[in-house]
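Here is my input; please provide its structure:
(2 chains, ligands or ions: 2)
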Amino acid sequence: MPSTPSSSTPAVEIRGLSKSFGPVRALDGLDLTVRPGEVAGFLGPNGAGKSTTIRILLGLLRADAGTARLFGGDVWRDAVALHRRLAYVPGDVSLWPNLTGGEAIDLLTRLRGGADKARTAELLERFELDPTKKARTYSKGNRQKVALVAALASRADLLVLDEPTSGLDPLMEAVFTEYVRQAKAEGVSVLLSSHILSEVEKVCDTVTIIRNGVAVESGTLDSLRHLTRSSVTAVVTGDPTAVASAEGVHDLVATPADGGTRLTFDVDDARIGAVLRLLGELEVHSLSAAPPSLEDLFMRHYGDVVEADAR
Amino acid sequence: MTADTLAGTGRLVRFMLRRDRVRLSVWIGSLLLLYVYFIVALGSLYRTQEERQTRAALMETPASVIMAGPGYGLDNYTTGAILANEMVLWMIAGLAIMSMSEVVRNTRAEEESGRAELVRAGAVGRHAPAVAALLTVVIANVVFALLSALLLILAGDLAVADSFAVAAGTSLSALVFAAVAVVACQVTEHSRGASGLGLAALGLAVLVRGIGDLQERHGSTLSWFSPIAWTQQMRSYVDLRTWPMALSVGAVVLLLVLGASLASRRDFGAGLTGVAPGRAEASPLLRSPLALAWRQQRTGLFWWFGGFSAMFVASGTYLGDGIEQTLETMAEQNPAVFEMFGTGDLADSFTAILLVFGGVFAAGYGVSAALRAKTEEAEGRTEVMLALPVSRTRWLAAQLTVAVLGATFLMMVGVAFALWRGAVTAGAEADLGHFLGAGAAYVPGLLVVLGLAAALYAWAPRATPVLWALIAFMGVSGMFGSLLDLPDAVLGISPFWWSGMVPLEKVEAAPLVVLSALAVALFAAAFAGFRRRDVPR
Ligand SMILES: Nc1ncnc2c1ncn2[C@@H]1O[C@H](COP(=O)(O)OP(=O)(O)OP(=O)(O)O)[C@@H](O)[C@H]1O
Ligand SMILES: [Mg+2]
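Numbering: from 1, shown residues only, chains lettered A, B, ... in the order given. Ligands and ions are numbered 1, 2, ... in the order given. Next comes the predicted model:
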């Protein structure tokens, strides 16, 4: 049995997790922690190992090495007991074709220990889902909604969501975000794998970026932003060679513009002061600097994958 | 059908042939091997014409008529006549199943899975997938016809014209069923339903010609309603006539016209009838993996049961007056054979053969029901269930319970009880206990097959197609095993061999106990394996 929950036992604790499928090494020493009440974003390019990690957490796949614990319990041995406390939404929801959406939701919530009818009805209304349709006639987005409603309707201590909004329209995505915030307010822990950065930025406290089965970044959103670059656009009249060769400046593009040269480049946040001083000597007509976004962070890691593959 | 709706057909044919090259080769190879084996065994078992005449006498019994043909050439039962009379039915059945599954697999199943959407979105016309699937099947059947004709001529030393005719007729009859499958794929939106309809048509065709041939030597008018008769009635190797082949060609054309008109009347992915909305809330009973598995499979079981009942009640009627009539004619025509069988033995041998076949069909149902677990896993639904507080044991037990109880129910009620019902309807004084007892003797063998299905699913899911080979072997050995003098070591591959041809042979406790123990061990292995492995794998 899992140990009794205490406020300090992490909801999810993964250490050195490895998993191979034949020659494919899907996970290679992954670390990941979700503290109680925390909403953790889980990012990474296609095939990085996100779904594999989640399947190990659910006791579906057996890890080759490392430990994976939910609420302090062993994910493989204590699977059934642990599953009473969590709800899972898979990335590609496949439903029983001859059941209606409403029947599937009832079945799923009943097996999880029951849900209150009013809340289910509220969720159905908010997600604009018709529960009388046979599952095989649902669109992808609507299948996703069935799984979401079933997961949100039953009160769980942990939500495990694998790309839960794939296929949802922006309006429904907003509804989803709202429910995740509500869950967080109620103290529910959330593990959210996603490719949608704005969604992660909106709801997540911490972010883990995984690549080739290892965590390459992890921490709070704010702490990660320090590692990023800002993108700068400036129109100057002077000769920009000095800026181009300055330390910390990347991907500089110079194009002719009215009355001078338009420069666009990325700059490491640590070097931004020095670079601004260099710009000052070039008669700046206009200047804009975009704040570092998660997207930039993400692109850097995704870009590395492309480079690594090219090598 | 304009050229536009057929765009991309050639590419699709190449793709299908490539994808299914192993599958088709195994089917064709196995059927050819059956021919070779039959020719070799006939040569060694029946050396003289007298010996062949004793086999001809055997072919007059109702069980043989049902399982063989209309009996052309029984007066002078040459090797060619034997092949045409006894093998054509099975070759057509084999080719028909190959052809129908190929059609369903490449059309309705693809549409159902959504993969066809990708294909159709490319430069591929509306009718292209169905036409391509049909062309693929035509190619496979032509290959079979050529090879089997050569084989009959070279290995069997048989007449050239008759060999080509019987080979062509066999393939054409099989193509009629391929065309039936094309229509079935338009009528129902599930590949399972389409396969079921096709198999039902095949079963009906076997039954119709069986009853027709029993009514009258060389077939009655009823026989001619079966596409199988259109090859059997060619009188190959006896007094060849080729025109019945035209019936097959005509039927294929008619069915394809029907299929095309149905196809243009429906939407992509849909059947002919729309889908009505269902209930917004689940019934209070739907709250366990078992309830879910039952809900998933009950419709299928219902249809299987309907098919079984129809087939075995009809067959059972021949245990009534039919038997006595046949006995009388037989006594007149051939007193020697009459002495070979006592009255009771004859009824029991017929019952035993029907029970073996019922058992093979029930095993077929059971395996397909047990392998639903594999579909559930591949579709990602098992994952959803196991992420709930549902243990692996509980989930697997739910799937297997439905398969085991369903198969046992089919064996006992759909086969044994139905035979009794048919016999009583036809005026026989049959004892229900006798039939149920005999049917029960096949259940342990049935459970061994299901246990093997479960164990393979748990330990080596990719190896599950082996089960269909086993079931085909059980059917073939049940039919030809004793006639062809297969060694016990080979016959023993079929679990039914161990329990014996009940009720013709006496029930023995020991083999039943051993089979049951083996079944239990296999199921235990299945649960142990499934608890340890990755899902999905
Ligand atoms: N059952 C399996 N057999 C073989 N390889 C697998 C299996 N499951 C996953 N993989 C491989 O493991 C790697 C990680 O896959 P995973 O599904 O975890 O990626 P992901 O991060 O979820 O990707 P995505 O963002 O596309 O969902 C991939 O290279 C994938 O091909
Ligand atoms: Mg994934």
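
alpha carbons only for contacts and neighbour counts from here, please
OK.

Next, give phi and psi for the residue lying closest to B:Val402 once chain neighbours are set aside.
The shortest distance from B:Val402 to any non-neighbouring residue, by Cα to Cα, 6 or more residues apart in numbering or on different chains, is to B:Trp294 (6.3 Å). Reported as degrees, to the nearest 10, the phi and psi values for B:Trp294 are phi -60, psi -50.

got a pLDDT number for B:Trp294?
What the model reports as pLDDT for B:Trp294 is 96.

ok, B:Arg253 to B:Gly10 distance?
Actually, residue B:253 is Val. It isn't Arg. 20 Å (Cα to Cα, to the nearest Å).

The residue nearest to B:Val402 - how many residues pack around it?
Close neighbours of B:Trp294, defined as other Cα atoms under 10 Å in any protein chain shown, add up to 19.

give me the element B:Ala314 is part of.
Assigned by DSSP states H and E, B:Ala314 belongs to helix B:289-316.

chain center to that helix, what's the gap?
16 Å (Cα atoms, centre = their mean, to the nearest Å).

Who are the packing partners of that helix?
helix B:191-215, helix B:343-370, helix B:392-409, helix B:418-425 (3 or more Cα pairs under 8 Å, 6 or more residues apart in numbering or on different chains; DSSP states H and E).

The residue nearest to B:Val402 contacts B:Thr401, correct?
No - using Cα atoms under 8 Å, B:Trp294 makes no contact with B:Thr401, being 9.0 Å away.

ok, back up a step: between the helices and strands packed on helix B:289-316, which one is closest to ligand 1.
helix B:392-409 (17.9 Å; Cα to the nearest ligand atom).

Next up, phi/psi of B:Arg14, please.
Taking degrees, to the nearest 10 as the convention, B:Arg14 sits at phi -60, psi -40.

And A:Tyr88, by the same measure?
Dihedral angles (degrees, to the nearest 10) for A:Tyr88: phi -120, psi 140.

how near is the residue nearest to it when sequence neighbours are not counted to B:Gly156?
Using Cα to Cα, 6+ apart and skipping the chain neighbours, the partner closest in space to A:Tyr88 is A:Val160 (4.7 Å). Distance, A:Val160 to B:Gly156, by Cα to Cα: 67 Å.

And for B:Ala423?
Counting by Cα to Cα, the gap from B:Ala423 to B:Gly156 is 40 Å.

Which of those two has more residues huddled nearby?
Set side by side, B:Ala423 and B:Gly156 show more neighbours around B:Ala423, with 26 against 21, by other Cα under 10 Å.

Next, count neighbours for the closest residue to chain A within the stretch 101-250 of chain B.
Nearest residue of the stretch 101-250 of chain B to chain A (Cα to the nearest Cα) works out as B:Glu112 at 9.2 Å. Applying other Cα under 10 Å, we find 18 other residues in the vicinity of B:Glu112.

roughly how far is the one helix or strand it maps to from the heart of the chain?
Using DSSP H and E, B:Glu112 maps to helix B:108-113. Chain-centre distance of helix B:108-113: 22 Å, with Cα atoms, centre = their mean.

can you give me the mean pLDDT across that helix?
On average, helix B:108-113 scores 78.

How about stretch B:136-147?
The pLDDT scores in stretch B:136-147 average 96.

for stretch B:213-232, how far is the first residue from the last?
11 Å.

ok, now stretch A:120-136?
End-to-end for stretch A:120-136, by Cα to Cα: 21 Å.

unless I'm mixing things up, B:Ser236 is touching B:Ile82, no?
No - assessed by Cα under 8 Å, B:Ser236 is found out of contact with B:Ile82, at 10.0 Å.

Could you report the pLDDT at A:Gly37?
On pLDDT, A:Gly37 comes in at 93.

So it lies in a strand, does it not?
No - using DSSP: H, G, I helix; E, B strand; the rest coil, the assignment for A:Gly37 is coil, not a strand.

if I look at it, how far off is A:Val160?
From A:Gly37 to A:Val160 the distance is 13 Å (Cα to Cα).

go on, B:Ala528?
The gap separating B:Ala528 from A:Val160 is 28 Å, by Cα to Cα.

Give me the more crowded residue out of those two.
A:Val160 (23 against 16).

Surely the more buried one is in a strand?
Yes - the assignment for A:Val160 is a strand, going by three-state DSSP.

just the helices in the stretch 1-150 of chain A please.
Using DSSP state H, counting those that start in this stretch, the helices of the stretch 1-150 of chain A run over residues A:50-57, A:79-83, A:101-111, A:117-126, A:140-153.
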